[in-house]
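Enquirer: Build the 3D model from these lines:
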Amino acid sequence: MNVAPTLEGGLRIDPETPEDWHILRAITLDANSHGIDLASRLGGLVAHEKLAEDWQEIVVPDLRESFADDIFYISSAIETASAFPGDSESPIFITPEDAFVWYGGLNQARLALEEKYHFGNDPESDPANLSPQRHEAFLRGRFYCALQSFILKYGLTL
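Expert: A predicted model of the protein is given here:
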């Protein structure tokens, strides 16, 4: 997979193998892999009882919808690009206008992977010591982080 900045600002992603498409599709799968959605998990961090109640009633529904919209947008971009594999070019563009959506969706996926696998500063998270499933998740998380870095450097216009 090649990821490169565009002249207009933003990024162009060129998946080259079935594995590349698998990694890109995994963004959606990873973001939705936790049993409880991210908006509710964030609400669970509010310790004050009354504030937690208000958060769940007022903030969580809009936040949940926003997070779901980001993931749907990313999934649609990936599936649209993958629908034309015979073109030999099926790029995915991350424009400055949708950079925040991509950044947020990648962040959802990374947070879900961290909650599931607890990579953090765990010495057992050395890639050489990981089971195949954890190793693949670890590599996806690193890819998501690298893509977020590219988005910050080339995709966002402030």
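Enquirer: So which residues lie in contact with the helix or strand of the chain with the lowest mean pLDDT, not counting its own?
Expert: In the chain, no helix or strand scores lower on mean pLDDT, DSSP states H and E than helix 38-43, which sits at a mean of 73. Contacts to helix 38-43, defined as CB atoms under 8 Å, 6 or more residues apart in numbering, come from residues 31, 34, 52, 55-56, 59-61, 63-64, 67, 108, 111-112, 115. No exception for glycine: its C-beta is placed from N, CA and C like everyone else's.
Enquirer: okay, among the residues you listed, which ones form the most distant pair?
Expert: 31 and 52 (23.6 Å; CB to CB).
Enquirer: So those two - more neighbours on which side?
Expert: residue 31 (27 against 14; other CB atoms under 10 Å).
Enquirer: residue ranges with poor pLDDT in this structure?
Expert: 43-45, 85-89, 122-126, 157-158 (pLDDT under 70).
Enquirer: gap between residue 68 and residue 27?
Expert: Per CB to CB, to the nearest Å, residue 68 is found 14 Å from residue 27.
Enquirer: typed the wrong thing, it's residue 101
Expert: Counting by CB to CB - residue 101 and residue 27 are separated by 12 Å.
Enquirer: the more surrounded of these two?
Expert: Set residue 101 next to residue 27 and count neighbours by other CB under 10 Å: residue 27 wins out with 23 against 20.
Enquirer: what helix or strand is the residue at minimal distance from the centre of the chain on?
Expert: Here the mean C-alpha position of the chain is nearest to the C-alpha of residue 106 (CA atoms, centre = their mean), at a distance of 1.9 Å. Using DSSP states H and E, residue 106 maps to helix 99-117.
Enquirer: any idea which helix or strand comes after that helix?
Expert: helix 132-150.
Enquirer: Have a look at this protein and report its longest helix.
Expert: Secondary structure of the chain per DSSP state H: the longest helix is helix 60-82.
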